[in-house]
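Chemist: Generate coordinates for the sequence data below:
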Amino acid sequence: MDGDLEAIRQKRMMELAGGQGGMPASEDEAAAQEEARRAQEEQRQTMLAAIMTGGARERLSRIALVKPDKARAVENMILAAAQRGQLGEKVSEERLVSMLETINEKQGTTKPKITIQRRRPAFDDDDY
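Modeler: This next block holds a predicted model:
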């Protein structure tokens, strides 16, 4: 994985040095870049599937529907921990929740406060 990342960095540096500004010179290069990106994303998903339980993956996919940036941050956190060897076992749903709470603390986001105000009826049952 580190070799792939280094290859992508080198390719990007060559594009910038060539003055292309990151724009592919031809459709073939654009297709190759798209294929490389797709392969990298597939490899990422495979790694996540290997280090997460089914329930945790399911919860993360639901989070990704609502907040893709937060889901991506959790995925990055999990992959980084796996690369450092900090994961002794598969990431469970409970551990995923604790990671989400950690990210919320880092971003300064707290739990949303929900207040329910019920309408008081104009007439009580005793008024009849």
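
Chemist: Spatially central residue in this structure, please.
Modeler: Note on the chain: the residue nearest the mean C-alpha position is Arg72, at 1.4 Å, using C-alpha atoms, centre = their mean.

Chemist: Can you tell me the closest non-neighbouring residue to it?
Modeler: Ala64 (7.7 Å; C-beta to C-beta, 6 or more residues apart in numbering). Just so you know, the C-beta spots here come from the backbone N, C-alpha and C atoms, and that holds for glycine as well.

Chemist: now what about the helix or strand the one you found falls within, what contacts it?
Modeler: Take DSSP states H and E as the rule and Ala64 turns out to sit in helix 54-66. Outside helix 54-66, the residues within contact range by C-beta atoms under 8 Å, 6 or more residues apart in numbering are 48-49, 52, 70-72, 74-75, 90-93, 95-97, 100.

Chemist: how far out from the middle of the chain is that helix?
Modeler: Remark: helix 54-66 is offset 10 Å from the chain centroid, using C-alpha atoms, centre = their mean, to the nearest Å.
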